[in-house]
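Trainee: predicted coordinates and the sequence they were generated for:
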Amino acid sequence: MKNLNNKYFSTPYTLSEKIRWLRNNVFGPSERHKNLTAFITQDATLNRITPRMKLAFIGDIMGMEKTDLGECPGVREFLRDADYLIANFEGVISDKPKGFAAQAQSRKLLPALAALFPPERTVLSCANNHAGDFGRSEFEHSLSLLKDAGFLAVGHIDEPAILLDGKVNVCCCTSLSNQPACFVLHLNQAGAGFNPKARFNILYPHWGHELELYPNPAEIKRGLKLLETWGAVLGHHPHCPQPLTKNEVDGQNKLLAFSLGSFCNGVRSEKYRHGIAAKVELGPGEDGVWRAGRIEWRFTRTQRIGGGRADVEVDRACKYFPHLF
């Protein structure tokens, strides 16, 4: 895991990656490697199964700065029939002074998230590149605050995964860290979060490069390798949507979603407002082996609605992928 041990300048990137990040921020999300991956349709069936559980996934819950998260009626309706919601809680709830690019979350966001989906059925991954921004004690305190609010908060090295209803295991990890963070699970150690007793294992990694609309060849190769072990892989971190793909592995079709983008964000830049909400049905096939069945997904967009508030809207279209529709 790449780290810079400097509390005033928080970044996980090498010099060349910083240059790419700056270029993408100035000129907009990059379309490099556009022809290497393709989206599945927004209502697709990967395998014939008997549905037993439906999981919903969104991407990065970013700090809302001075903006309050609104009621998001479209998102709530889309999530309504899901058994659980899995999301990335980017950053740490902390009142400490923050260095450059550190991600501090506010406690006032928690009631809005609780109104979005029941906390007792919301899995919040805290394993991301901002986990170490304020040190271990602040990270663990933030984790406790989320649990006290009723959320299923995971991502600590001692608790990187959660078994839902005794059947589906979700493991949360990160390949990047702005600051030293040995207290979260690294992607290279993800096997520690695999549960051989679960009917289905899902990996929910924080990976990739910011503002890249498509994964590069190395990221594609890594994702396909992970599918040899995991039933599905759904990633986040680039802060923009990337393709959800269908991949045949050992006679079954598996879901590899490279980036679910940003779910909500308080920054004014349009670049950081786009994401994906997805629902995945899981259950046994004719042979009794659990697989992913029907996949429904939609683009999302953070939209300011005035009065210091913002909603997240659900739509079929996204300005960055006009060729899809």
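Mentor: Perfect, thanks for sending it.
Trainee: what ranges in the chain fall below the confidence cut-off?
Mentor: Within the chain, the segments meeting pLDDT under 70 span 1-10.
Trainee: right, and the helix or strand after the strand ranked longest in it?
Mentor: Across the chain, the strand with the greatest residue count (assigned by DSSP state E) is strand 290-306. Going down the chain from strand 290-306, the next helix or strand is strand 309-315, by DSSP states H and E.
Trainee: now that next one: how far from the chain's centre is it?
Mentor: Centroid displacement of strand 309-315 relative to its chain, using CA atoms, centre = their mean, to the nearest Å, is 17 Å.
Trainee: list the helices and strands that strand packs on?
Mentor: Packing contacts for strand 309-315, counted by 3 or more CB pairs under 8 Å, 6 or more residues apart in numbering; DSSP states H and E, involve strand 68-69, helix 73-79, strand 262-264, strand 290-306. Placement of C-beta: from N, CA and C, glycine included.
Trainee: mind listing what the longest strand of the chain pairs with, with the direction of each?
Mentor: Paired neighbours of strand 290-306 in the sheet (DSSP bridges): strand 43-45 (antiparallel), strand 274-284 (antiparallel), strand 309-315 (antiparallel).
Trainee: can I get those in CSV with distance to K225?
Mentor: Formatted as CSV, the strands paired with strand 290-306 follow (distance: least, CB to CB, whole Å):
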stretch, distance to K225
strand 43-45, 23
strand 274-284, 21
strand 309-315, 32
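Trainee: just tell me which of those strands ends up closest to T245.
Mentor: For those, proximity to T245 was assessed by CB to CB; strand 43-45 is nearest, at 10.4 Å.
Trainee: residues contacting the closest one, please?
Mentor: For strand 43-45, the surrounding residues in contact (CB atoms under 8 Å, 6 or more residues apart in numbering) are K246, G293, R294, I295, E296.
Trainee: again, only this time at 10 Å
Mentor: For strand 43-45, the surrounding residues in contact (CB atoms under 10 Å, 6 or more residues apart in numbering) are 244, 246, 253, 255, 279, 281, 292-298.
Trainee: which SSE is immediately downstream of it?
Mentor: Next along from strand 43-45, by DSSP H and E: strand 53-61.
Trainee: ok, which pair from the contacts of strand 43-45 is furthest apart?
Mentor: Pairwise distances among those were taken by CB to CB; the largest, 20.6 Å, belongs to N253 and R298.
Trainee: which one of the two is surrounded by more residues?
Mentor: Between N253 and R298, counted using other CB atoms under 10 Å, the more crowded position is R298 (20 against 17).
Trainee: tell me how far that one lies from R316.
Mentor: To R316, R298 is 6 Å away according to CB to CB, to the nearest Å.
Trainee: look up phi and psi at I202.
Mentor: Phi and psi for I202, reported as degrees, to the nearest 10, are phi -120, psi 130.
Trainee: that one - how many residues pack around it?
Mentor: 24.
Trainee: beta partners of it?
Mentor: When assigned by DSSP bridges, I202 has beta-bridge partners V170, A232.
Trainee: what's the answer for F299, then?
Mentor: Under the criterion used here (DSSP bridges), F299 is bridged to I276, D315.
Trainee: and the spatially closest residue to V312 that is not a sequence neighbour, what is it in contact with?
Mentor: Nearest residue to V312 in three dimensions, chain neighbours excluded: C72, at 4.6 Å (CB to CB, 6 or more residues apart in numbering). By CB under 10 Å, 6+ apart, C72 lies in contact with 78-79, 112-113, 115-117, 263-264, 300, 302-303, 310-314.
Trainee: for stretch 252-267, what is the distance to the chain centroid?
Mentor: With CA atoms, centre = their mean, you get 5 Å for stretch 252-267.
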